[in-house]
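J.: Here is a sequence with its predicted model. Questions after.
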Amino acid sequence: MQLDKSAKDPAKIQTMFSTIAPRYDLLNRLLSLGIDGCWRRFAISQLPKVKNAKYLDVATGTCDVALEIVKRYPGAKVTGVDFSEGMLELGREKVKKAGCHDRIDVRFADVTALPFEDNTFDGVTIAFGIRNVQDYKKGISEMGRVVKSGGKVVILEFTSVQNKFFKAPYRFYITKALPFIGEIISGKKGAYKYLPSSMLEFPGPEEFKKAIEETGLKDVRYYKLTFGVTAVHVGTKP
């Protein structure tokens, strides 16, 4: 399944995610068989434990990660950014409903041009967003720029499955079952053709580790989860 490079045009990505936003949370739960929450919690556990920490959640979407962070780290404050207004609307609603508006600031921003000063945050997360960035190295560089020295950049993303027994059924699921289910529930055809392609074409864990290192982050390590369906990469700012 070949991904057309034009599909990653920022304007197209914005439109796509705003279009599927109303069913995004439901589809995440169904299509991941409910495991996506475990993946997010593991990623969040990699953030540095700092008193009264300030964290940034990039591609925050409907704020699942931001809400989990404030639940896990009392006293922490989170800024959640996304460049899909459709997603941000839902995220703000969820934050307000959870009574966390005093701890989570949700705003519009592009990962390749973050509107923050250098060395602002103790840690930065991005979950299932970096593969949709046209220049993902630039995005990682920006996340590294705004994190403090010694702070962490934590990236949760789908990756290429290496397990030989799981590889074939996984590929069938994301290329056939996922688009079919996604289109039925969301009523949107294009998004669930793009998403499987973007998952299959994203670099493997070792290759992505090297890309992160090239942005200047150090001590980069990764953890493969659920037979290698996803990986969490963690880099430290020198």
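T.: It's in.

J.: Could you point out the longest strand of this protein?
T.: Longest among the strand segments of the chain by residue count, using DSSP state E, is strand 147-158.

J.: Output the contacting helices and strands for it.
T.: helix 36-45, strand 121-127, helix 136-146, helix 205-214, strand 230-236 (3 or more Cβ pairs under 8 Å, 6 or more residues apart in numbering; DSSP states H and E). Bear in mind the C-beta positions are built from the backbone N, C-alpha and C, glycine included.

J.: chain center to that strand: distance?
T.: 11 Å (Cα atoms, centre = their mean, to the nearest Å).

J.: looking only at pLDDT, what's the mean for that strand?
T.: Strand 147-158 carries an average pLDDT of 97.

J.: which residues are contacting it?
T.: Applying Cβ atoms under 8 Å, 6 or more residues apart in numbering, the set of residues contacting strand 147-158 from outside is 39-40, 42-44, 46-48, 56, 119-131, 140, 143-144, 199, 202, 208, 212, 217, 229-238.

J.: Now list the buried members of those.
T.: Burial by neighbour count, 16 or more other Cβ atoms under 10 Å: within the contacts of strand 147-158 this picks out 39-40, 43-44, 46-48, 56, 120-131, 140, 143-144, 199, 202, 208, 212, 217, 229-237.

J.: coming back round to it: dump the helices and strands packed on strand 147-158 to JSON lines, plus distance to Asp102.
T.: Shown next, in JSON lines, are these (distance: least, Cβ to Cβ, whole Å):
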{"stretch": "helix 36-45", "distance to Asp102": "20"}
{"stretch": "strand 121-127", "distance to Asp102": "18"}
{"stretch": "helix 136-146", "distance to Asp102": "22"}
{"stretch": "helix 205-214", "distance to Asp102": "33"}
{"stretch": "strand 230-236", "distance to Asp102": "29"}
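
J.: Point out the one among the ones you listed that comes closest to Lys77.
T.: strand 121-127 (9.8 Å; Cβ to Cβ).

J.: Quickly run through the sheet partners of the closest one, with directions.
T.: If you go by DSSP bridges, strand 121-127 pairs up with strand 54-58 (parallel), strand 147-158 (parallel).

J.: Would you tell me which one of those is buried the most?
T.: Counting by mean count of other Cβ atoms under 10 Å, strand 54-58 has the highest mean neighbour count of these, with a mean of 26.

J.: what distance separates that one from the middle of the whole chain?
T.: With Cα atoms, centre = their mean, you get 12 Å for strand 54-58.

J.: Return the angle between stretch directions for the helix or strand just after it and strand 121-127.
T.: The helix or strand immediately downstream of strand 54-58 is helix 64-72, counting by DSSP states H and E. If you take axes from the mean of the first three to the mean of the last three Cα atoms, to 10 degrees, helix 64-72 sits at 130 degrees to strand 121-127.
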